[in-house]
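In: Pasting the sequence and the predicted model now:
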Amino acid sequence: MSKLTLSKALNEGLRRALEADPKVMIMGEDVGKLGGVFRVTDGLQKDFGEHRVVDTPLAESGIIGTAIGLALRGYRPVCEIQFDGFVFPATDQIISQLAKMRYRSRGKISLPVVIRIPCGGGIGAVEHHSESPEAYFTHAAGLRVVACADAADAYSMIQLAIASDDPVIFFEPKRRYWDKGDVDTAAPLDSAVPLDRARVVLPGTDVTLLSYGPLVRTCVEAAMAVAPERSIEVIDLRSLSPLDMATIEESVKRTGRCVVAHEAPVYSGLGAEIAARVTEACFYHLEAPVLRVGAFATPYPPSRLEEHYLPDLDRILDGVDRAFSY
């Protein structure tokens with residue numbers, strides 16, 4: 001068992017994937033010599049060479065387009081989008097080509113491309129560096145969309161994503177890159193939680209609190225702050241598309257209440273889809289409407305205002321209190 005930061009756990013997971021399969025390669029802006037702006041790929045070009053860890057031009061559409069071509073030739077490219085707000089020039093390639101190739105070819109062609117996207121706020125960055133664009137991609141059929149929340153999951157999930165024959169959008173919570181956690185680097189990959197499963201992080205009996213990525217830790221802190229007066233079950237969704245509805249339904253049918261928290265704006269966010277599905281599946285078990293906690297329907301603000309924009313412990317607990325007010 002090793003104590004690793006989330007960024008180092010990703011680095012170790014990428015290293016294992018590169019060692020295991022010579023067809024795995026990494027490509028992106030500054031991923032090689034610099035080791036990435038968050039140092040996630042630090043040392044990998046030195047150890048595996050410039051032909052497997054490739055510094056690309058500043059052209060996101062070109063990165064993904066090249067990865068699609070490489071995947072057609074049997075490679076497993078792992079693309080880094082340097083910041084979340086930089087992914088939009090590549091969305092045509094992702095949605096029009098990457099997501100549709102298997103369907104277009106009637107299942108004959110798969111594109112095992114992983115697109116790593118540092119997501120969310122909390123680092124005091126400028127415009128285009130603190131987005132939460134997950135709903136754009138969960139809406140695109142043909143993509144797996146996942147989000148890691150801690151070091152242990154980051155280590156196993158990146159390897160599972162690379163091993164998948166489906167294209168995977170892999171969200172990494174940038175403000176958690178330096179959080180440390182225990183990682184069992186000796187455990188076999190087949191013992192890890194499957195890529196499409198949610199995980200109960202903290203058991204509870206009174207209300208189900210669903211989240212993913214950067215807010216999972218905040219949700220756990222909120223639950224611990226009100227224990228034992230209220231018993232909050234915190235679930236890390238992990239897979240945003242497809243959703244693990246079996247785990248969600250089992251929890252909500254026990255607790256009778258559900259709150260969904262994410263950094264993205266509430267309006268048309270992933271929480272809306274989750275709320276609709278929970279209501280359909282658990283209607284006769286609910287003691288209150290499914291409530292959502294998220295950011296406001298505005299562009300991401302200047303860094304001095306982000307603490308007011310992002311959901312925090314108090315806003316999450318307010319959502320929980322509202323669920324008990326019915």
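Out: Perfect, thanks for sending it.
In: Show me how this protein divides into domains.
Out: Domain ranges of the chain: 2-191, 199-324, per automatic domain parsing.
In: Output those in a markdown table, with mean neighbour count appended to each entry.
Out: In short, each C-beta sits where N, CA and C put it, glycine included. Formatted as a markdown table, the domains of the chain follow (neighbours: other CB atoms under 10 Å):
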| stretch | mean neighbour count |
| --- | --- |
| domain 2-191 | 19 |
| domain 199-324 | 19 |
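In: Serialize those to TSV and add fields for mean pLDDT.
Out: Formatted as TSV, the domains of the chain follow (pLDDT from 0 to 100):
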stretch	mean pLDDT
domain 2-191	97
domain 199-324	97
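In: so where do the helices sit in the stretch 101-250 of the chain?
Out: Counting by DSSP state H, counting those that start in this stretch, residue ranges of the helices within the stretch 101-250 of the chain are 101-104, 134-138, 151-163, 215-226, 245-255.
In: With distance to Leu44 added, can I get those helices in TSV?
Out: Listed next are the helices of the stretch 101-250 of the chain as TSV, based on distance: least, CB to CB, whole Å:
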stretch	distance to Leu44
helix 101-104	27
helix 134-138	25
helix 151-163	12
helix 215-226	27
helix 245-255	34
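In: Let me know which of these is the nearest to Asp47.
Out: helix 151-163 (16.8 Å; CB to CB).
In: gap between that closest one and the chain center?
Out: Computed by CA atoms, centre = their mean, to the nearest Å, the chain-centroid distance of helix 151-163 equals 11 Å.
In: OK, contacts around the nearest residue to Ser325 once chain neighbours are set aside?
Out: Once flanking residues are discounted, Ser325 sits nearest to Ala288: 7.6 Å by CB to CB, 6 or more residues apart in numbering. Ala288 is in contact with 256-257, 322-326, counting by CB atoms under 8 Å, 6 or more residues apart in numbering.
In: and Ala288, what are its phi and psi?
Out: Backbone torsions for Ala288, taken as degrees, to the nearest 10, come to phi -160, psi 160.
In: For Asp318, see how far away it is.
Out: The spacing between Ala288 and Asp318, counted by CB to CB, to the nearest Å, is 14 Å.
In: What ranges does the stretch 1-150 of the chain have for its strands?
Out: Applying DSSP state E, counting those that start in this stretch to the stretch 1-150 of the chain gives strands spanning 2-5, 24-28, 53-55, 76-80, 114-119, 144-147.
In: other SSEs contacting the longest one?
Out: Using 3 or more CB pairs under 8 Å, 6 or more residues apart in numbering; DSSP states H and E as the contact test, the elements touching strand 114-119 are strand 76-80, helix 151-163, strand 168-173.
In: Work out the gap between it and the centre of the chain.
Out: Worked out by CA atoms, centre = their mean, strand 114-119 lies 8 Å from the chain centre.
In: What are the contacting residues of that strand?
Out: 10, 28, 38, 40, 64, 67, 76-84, 87, 90, 94, 131-134, 147, 158, 161-162, 164, 167-174, 177, 213-214, 263.
In: sorry, back to before: dump the helices and strands packed on strand 114-119 to a markdown table, plus distance to Ile117.
Out: Listed next are the helices and strands packed on strand 114-119 as a markdown table, based on distance: least, CB to CB, whole Å:
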| stretch | distance to Ile117 |
| --- | --- |
| strand 76-80 | 8 |
| helix 151-163 | 12 |
| strand 168-173 | 5 |
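In: out of these, nearest to Tyr103?
Out: strand 168-173 (16.3 Å).
In: in its sheet, what does the closest one sit against?
Out: strand 114-119 (parallel), strand 144-147 (parallel) (DSSP bridges).
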